[in-house]
Structures are given as structure tokens and as C-alpha cells.
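Participant: Build me a model from this:
(chains A, B, C and D)
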Amino acid sequence: MIDKRVGSLAEAVADIEDGATVLVGGFGNSGIPVELVHALLDQGTRDLVLVTNNAGSGDSDVAALLREHRVRKIICSYPRTTGSIWFEERYRAGEIELELVPQGTLSERMRAAGAGLGGFFTPAGADSLLAEGKEVRVINGRRHVFEEPLHGDVALIKARRADRWGNLVYSTAARNFGPTMATAAALTVVQVREFVGLGELDPECIVTPGIFVDRVVEVGV
Amino acid sequence: MIDKRVGSLAEAVADIEDGATVLVGGFGNSGIPVELVHALLDQGTRDLVLVTNNAGSGDSDVAALLREHRVRKIICSYPRTTGSIWFEERYRAGEIELELVPQGTLSERMRAAGAGLGGFFTPAGADSLLAEGKEVRVINGRRHVFEEPLHGDVALIKARRADRWGNLVYSTAARNFGPTMATAAALTVVQVREFVGLGELDPECIVTPGIFVDRVVEVGV
Amino acid sequence: MSGPRLSLTDMARRVARDIPSGAYVNLGIGMPTLVGDVVSPEKEIVYHSENGILGMGPAPAPGEGDPELINAGKQPVTLVPGGSFFHHTDSFMMMRGGHIDVTVLGAFQVSETGDLANWATDEVGYPPAVGGAMDLAVGAKRVLVLMTHTTKDGRPKILPACTFPLTAAAVVDRIYTELAVIDVTADGLVVREIVAGLERAELQERTGAQLRFADDVVELVPGAV
Amino acid sequence: MSGPRLSLTDMARRVARDIPSGAYVNLGIGMPTLVGDVVSPEKEIVYHSENGILGMGPAPAPGEGDPELINAGKQPVTLVPGGSFFHHTDSFMMMRGGHIDVTVLGAFQVSETGDLANWATDEVGYPPAVGGAMDLAVGAKRVLVLMTHTTKDGRPKILPACTFPLTAAAVVDRIYTELAVIDVTADGLVVREIVAGLERAELQERTGAQLRFADDVVELVPGAV
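Facilitator: Alright, predicted model coming up:
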């Protein structure tokens, strides 16, 4: 029987290794898999490459990983937000590598990984510093920059409901990067508010089919 | 007030011009916008470039356009199906141009158009005759072929329900190419089984947001 | 700075007049957000937010609303009837793919050819951040810039060429400031409207690039825009 | 052709044994479809169909079902609890992106390096068709080929190199025929199983490419697979 439900947050992140590339869902404070990230913090993994839109705020979740020196590199679009003190501190000290990517490109690069594509040309950023060192090609009279797929070893995301097959539905704008990250990682781990029985999710409304999901853990919030 | 509903099939397709590239939804007999295609037939447009997975079967819809010599070129993945007599006749007579595209690439090329991308590298078909004349690049040790975006002047698709903003939900496997084609055309025309009031579609379950839709017409089936 | 000028509300109102009913609109963070507050209620506008919302409504009443339903500026919002949620990749399809009719963006600098610089300055040591600015700038059908005419210390922000890092080249269609409404055209910058009481020469003086004036320049009266 | 051989059902059963419980599986049109009918009911398998279905169930009772709920072979099917619908582009993400655990495909020819030819022959004048074969062949984690060992007129289909147009190079993992189960390895073709009563020399004779035999070749008994 297919059953992707695991009993604890610790179990859900137990085998994530040092040096892993970890995709972390969320935009601002919406859709962050806070409990999973804290489980990862407790688990002790180091030298992580984080892929996430923002670089954390305050002392929680992503910011806590930065504070505890667990992150070698961060790939994101908007690291500098109100309260991104730990990121800024690590960045100024030269203790963390930053790869800045336009937000749409960040998402699209993960999609390309999930879709088995070798990369794509986008006009976003093609006229900018962010295209430096990358292939630029004029297509239909417009400059495009070549962007490579971005694979994760692990994705940590948050959804609203899951069944034992790992089918997911989300909640309002907390959906954000979750569905794409789920496709792009070798191991996709999801925290959900509640489990439901198989068949209870409307097949027309499932956002992430279980094929993209490896583990789901219920956190009740 | 935004109101994308139109009163008749004829009105929905009235301004489609000779030579237009028309994306037509459907896979086999599932999800074909039969009534819209017949309205296009009645409207009289010629020299069409059709983009559609199959090349019609029997005497209806796409096959009827072929029969009536309305199609200059067809871009598709599987033109040869049971009953694809009109396609085969036109093809053997050299009266129609065929661009054969792997099915995933067909869909992905339309998505690239809808997503504003300049093209992508895919491993599908890279070892095959279908890569001839195209750029091939080895990425991570694997051959990939460069594929260009595929834009439509018009998309004709079928959905189950729409509201006046053009938000759409589909029905089972009839969804197929519809959501992607809706993003890839300058003018997206949709036939639906029924109109519903604004706000009646669950915002978590809308498959095609109205931003991708220009006209909806109710056909009741 | 002294002299005649539009208030922020006037500026937002002026931009709002150029947004047609039925448009799909993305408002940038900061000053552009104000535009949403002053659009005529007779217009039906569909607001897009990069984090996966179409049909974004106003902020909820204090203490109400869904804490995860936020806009691109991370502030709580609501959803109007007809609105929908989708994932980030689909959201950026809309932005980059030419589906957003109008975007209103802030800017550090705009060049006379419509180059936009609105993501990075020349500040050293401060970590850069880009967000969705580049996708939106290249993808929206119409890019409107709403900004102050000069920097706080009076240096021009409208220039022959941007000195700050570019967001995107040749994308800006129209510039709205407290002093004027200026179109970016194939023939350079054309002033369409000017705040009442400001001399043309003075506007030119506060502008780094060469201005032309339309034949029918309109006067903008502060408080009556 | 005379001599010992497996029936179609035997062949399908043999493939079915190699599909692990919990797998996401795409069965090609034709002979591969039979595999779904003989998988042990104790296994929970999720069937994928390229036209946007995960959790595809058996055909509906005659006269029942949704006429638009069809499989890749255009035949009516059903959806099992836990199943879902999605659009074509997402469906091919699953196929090309390495998310399908196992695919079972028919073939015209397979080479000793695992090249697959299953979409076009050398027939002239007949319009070509490719469908989803290429995406699936490059993308599935494990590609199993189920086919007759030779053509109807006795020519080998397992060859040093394919003579028909390639679907994809170096993708086939294992070949199942009425005569044998053969792995494609870095050291060439290795026979794992052979139908009971068939001489190894005879199997080699009906095969265009050089075969090696595993140390522990298993006999397949017709009717008892």
C-alpha cells in the first residue's frame, strides 16, 4: 500500500545530508514550512545550499538556519527584507554565498528541473548584471539569457491537506513556490494542516499530484 | 464591466482571418471544441495553420476543415489515427504541410509562448530525425534539442464552466491541451457547457484564470 | 524642493486615469500601491500579485483575514469574487508572457530610451535584491513609472542613460512625476502634461535628458487632478 | 513460428512481476496495455496516462462512464480514488522529468545499446506519427520493452543497431519477448531468462545482436509464468 504519511517531523527530515541543496517554499511569511525547517535545524545538517525566495526574517526558520551557520549558499530573488538581520550579517561577513536570481527565473529554473528540460531562454534579466557570464541570444529581436535547470536534493514545502498518496491542496497565497518545488527535488517533504482519506480530495482540484511527493507530515496548523 | 461572454458561436469566431495560426484543443475525441470548429468552418476562413494533437477523424471538426481545403499546414504529434481519412488524403496528395512534433514538445512549445520564453532545450526527440535542422546541445552528458515557442493567433478550446471574467474549469481528461493553449494565443475563444455567476467557481480550483481568456460561449454540451 | 508640484495622491490619481476598465494590473511595491486606492470605482480592474493572486482586493479589517493571503509587499489582502490562486510559476507566466495589461513601477532612474533602473543602486556592501521586477518590466504590455522627478538631493532621475544597474532596457512607456507626465517615444522623451505654474525651462533643468514638448501640453492643477 | 514460446498473457505476466508495488506506471498503447490486466491485485500501482490522468482505473461498464475520460489509446477508462486530472504540459513534466517509475513500451527494434525504434518504420508515403513516445522514452526511470522477438516474417528485432528511425538512444533497460527476458547492460545484452525448451543457440539465431547469458539463467515455463 502506498502510504507517504510519516509520524513525526524528525522522521520526515532524518536523512537529509550535509551539503544538500534544499528548496524551501514560502514567500514572505506565507507558505513557509516553519515546522519542517525547525526539524531540519534540530537534525543538525550543515553546509546547506538553500533555494528560497527570501532569506528569512527575524529569528525563525530560514533565519535560524543562517544564525546557526548551517547555510553555505543561498539562491534567491529577494534576500533583503524587513528583519533579514541574520542574512545581512552573514553576507557582510562574507560567510555566505549569494546567487541572486529574478523571481520568475528562480521559479522557472526549478520547473525546468522538474520537467526534465535542459534550460531555457528568458528575456528577464537579459539586459542586466544578472546575465553576466551567461549566454545571451537575440530571439525575435529581443535579448534573452540562457538559464539552467535548478534541481533540489530535497524540497520542504507546506500545504493544507494531503491524502496517503501525497496528493496536495494548498491554502490561498501560501501555494506560491510549493507546487513547483515539489517537482524539482529528489525528495519532496510536505507539512500539512490535515490528512484526509484517499478519494476525499476532488480530482479536478488536486494541485500537486502525489507523484511529486515523497513524505507528508501533519502539523495541525 | 468585464464580460467575456458572447452570444453566439458565429460571433465568437467572426474575426478570425485567413492564414491564422489556430490552436485547437482536444486529444482523440476528448475535449475537442467541436461547435467552435464548425463555426469556423461556416465562417469560411482559409489557409489556416492548425496546431492540434491529432489531425481529425471521420468527417467532423478538424477533419471537416481538412476536407474543405481550409488548412495549409498542420502542426501535431499524432496525425494518423483511426479514421484520419481526410488528413491522409490531403497529405498523400501533397496538399498539406505537416510539422510533426513530439507530444510533450508540442505542449511545451505552446507553454513557452504563453510564458514569454524564447525557447528551451529538451531531450525528447534529440536523438531522432525530428531534431534534424535544429540546434542540438549536450547538457549534463545528454543530447538536447532546442525548441522554439509556438504562438497562436487564436486558440479554440473547450471547458466545462466559465464565469463572466473567463475563469475556467474543465471536465476530466477533456482538460488536456486547453489550459496551455489558452496562454499561447493572442485571442482565446472557449466553448463551455455552462456559465456560472462570478464568485461561484472556487478560487482554489480555477484551472485557467480569466486573464488568459478573451471570449466564452455557452453551448450546453 | 520648492515650486509647484503634485501631491502623492494627485500623482496616483493621474496614473489611475490611464488604467482602462477591464485591465489586468500589477502595482509595484511602494508608491505604485497607492494607485489602487484612487482608481475610479466605476472601473472593473483585476489586480495581479506576483505571489499567485489574480483579483486581489483591499486589506482585510484589522484582526480579520487570512495571514497567508498577502500581496507582493507582504501585507494582508483579500480576494474579490472571480479571483483565483495559482502557483508562482504560473504567476510569472502571466507577468513575463505579456498577459498583464499595465504595470506601475517605481524607479531609481529612467533613460530617454525607456531603460529602467529600479532594483539596485551603487551602494556598496549592501546585499542586492531583485524580486519580480525584471520579469514584470520585460513582460507587461504597458510599463508605467511612477516616481519623484529628482532624488532627495535634487539630482535628476530621468537621464540620457541610467547610471544604476539596469532592470531592463527600452521597456518604459510613460513616466509620471510630481512635475510632469512624459512619454518615452521613438523620438525621445515627450512631455504631455506639466504641473500648472512650472516653467518648461525649469522642468528641463530638473531633467537629465532632453525633453520635447507635445503640441498640446496639458496643465496639471495640484489638488484637481 | 514453431517451437516453445510464451503466450501474450505469459509475457504480460512476466512484465507485471517486475513492477513494484507503489510504482507510477505508464503503459504504452497495444501489447503493453495487457500488463495492467495481470498485475497482482495485492500491489498498489498508480497508472499514468499522457492525456492528463494519474490513477487511471479499468474501463467502465458498457454504456457507463464519461466519454471524455479516455486513455492514451483513446479508450474509455475510469479514475480510482486518489486519482487526479491535470493538463497536458503538466502530464509531460511527469513523463519527461523522471517522475514515472516504469514505462512498458512496444517496439519495432531495440539495439544492443538500448536504442529504441518504436515510432516509424521505413514505409514510404505513409504519414508519420510520434505522439508521446519520445518524451516517455527519454524520461521514465525504467524503460521496459515488450515485443515479439522477431518480425512476422522472422527477421530479428533485436539488433546491433536499429535500422528504423530512432525514438531515443540508450534508453531501454530490459526486453521481454515470447522467448526471453534480456537486460541491456553496459557490457551488452544479457539473457536473464529463456523459455523452457529453447536452445540458447536458437535464441541467438533469432537475435541480430550478440547475446551473453547470465550465470543463473532462469527457465520460463509457458502457462506457468
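Participant: which residues does the nearest residue to residue C:103 once chain neighbours are set aside contact?
Facilitator: Once flanking residues are discounted, residue C:103 sits nearest to residue C:140: 3.9 Å by Cβ to Cβ, 6 or more residues apart in numbering or on different chains. Every residue, glycine included, has its C-beta placed from N, CA and C. By Cβ atoms under 8 Å, 6 or more residues apart in numbering or on different chains, the contact list for residue C:140 reads C:26, C:95, C:98, C:100-103.
Participant: Recalculate using a threshold of 7 Å.
Facilitator: Contacts were defined as Cβ atoms under 7 Å, 6 or more residues apart in numbering or on different chains; by that measure residue C:140 touches C:26, C:95, C:100, C:102-103.
Participant: Can you classify the closest residue to chain C within chain A as helix, strand or coil?
Facilitator: Distances between chain A and chain C by Cβ to the nearest Cβ are smallest at residue A:104, namely 3.3 Å. With DSSP: H, G, I helix; E, B strand; the rest coil as the basis, residue A:104 sits in helix.
Participant: if I look at it, how far off is residue A:184?
Facilitator: From residue A:104 across to residue A:184, the span is 15 Å (Cβ to Cβ, to the nearest Å).
Participant: Tell me which of the two has more neighbours.
Facilitator: The neighbour comparison of residue A:104 against residue A:184 (other Cβ atoms under 10 Å in any protein chain shown) goes to residue A:104, with 32 against 26.
Participant: Pretty sure that one sits against residue C:131.
Facilitator: No. In this structure, residue A:104 is not within contact of residue C:131 by Cβ atoms under 7 Å, at 9.7 Å.
Participant: Would you mark the buried spots in the strand or helix carrying residue C:15?
Facilitator: According to DSSP states H and E, residue C:15 maps onto helix C:8-17. Neighbour-count burial for helix C:8-17, with 16 or more other Cβ atoms under 10 Å in any protein chain shown as criterion, is recorded at C:10-16.
Participant: so does the next helix or strand after it get close to chain B?
Facilitator: Next along the chain after helix C:8-17, taking DSSP H and E as the criterion, comes strand C:24-27. Yes. With Cβ under 7 Å from any Cβ of the partner chain as the criterion, chain B is reached by strand C:24-27 at residue C:24.
Participant: Give the next helix or strand downstream of strand C:24-27.
Facilitator: Strand C:24-27 is succeeded, C-terminally, by helix C:35-38 (DSSP H and E).
Participant: Run through who's touching the next helix or strand after that next one.
Facilitator: Scanning forward in sequence from helix C:35-38 by DSSP H and E, the next helix or strand is strand C:46-49. Under the criterion Cβ under 7 Å, 6+ apart, residues C:24-27, C:36, C:54-56, C:71-72, C:94, C:100 lie in contact with strand C:46-49.
Participant: Pull the most distant pair out of those.
Facilitator: The two members of the contacts of strand C:46-49 with the most space between them (Cβ to Cβ) are C:36 and C:94, at 17.5 Å.
Participant: hang on, the earlier thing: quick check, nearest of the buried residues of helix C:8-17 to residue B:160?
Facilitator: Distances from residue B:160 to the buried residues of helix C:8-17, taken by Cβ to Cβ, are shortest for residue C:16, at 36.4 Å.
Participant: So what's the residue count around the closest residue to the closest one other than its chain neighbours?
Facilitator: Sequence neighbours aside, residue C:39 is the residue nearest to residue C:16 in space, at 4.4 Å (criterion: Cβ to Cβ, 6+ apart). By other Cβ under 10 Å, the residues close to residue C:39 number 21.
Participant: Residue C:39 reaches residue C:33, doesn't it?
Facilitator: No. Between residue C:39 and residue C:33 there is no contact under Cβ under 7 Å: 11.8 Å.
Participant: Check what pLDDT residue C:64 gets.
Facilitator: Residue C:64 is assigned 89 on the pLDDT scale.
Participant: How many neighbouring residues does it have?
Facilitator: 9.
Participant: Repeat that for residue C:44.
Facilitator: Residue crowding around residue C:44 was assessed by other Cβ under 10 Å; the count is 16.
Participant: circling back to that earlier point, who's more crowded, residue C:36 and residue C:94?
Facilitator: residue C:94 (29 against 20).
Participant: Identify all contacting residues around the helix or strand hosting the more buried one.
Facilitator: Assigned by DSSP H and E, residue C:94 belongs to helix C:88-96. Contact with helix C:88-96 is made by A:103-104, A:107-108, A:111, A:122, A:124, A:176-177, A:180, B:114-116, B:183, B:211, C:26, C:48, C:50-52, C:100, C:132, C:135-136, C:138-140, as judged by Cβ under 7 Å, 6+ apart.
Participant: could you check whether the helix or strand of chain A with the lowest mean pLDDT is close to chain C?
Facilitator: The least trusted helix or strand in chain A, going by mean pLDDT, DSSP states H and E, turns out to be helix A:85-92, with a mean of 92. Yes. Judged by Cβ under 7 Å from any Cβ, helix A:85-92 and chain C are in contact via A:88, A:91-92.
Participant: Between these, identify the one with the most neighbours.
Facilitator: In those, the most neighbours by other Cβ under 10 Å go to residue A:91, 22 neighbours.
Participant: contacting residues around that one?
Facilitator: Counting by Cβ under 7 Å, 6+ apart, residue A:91 makes contact with A:98, C:127.
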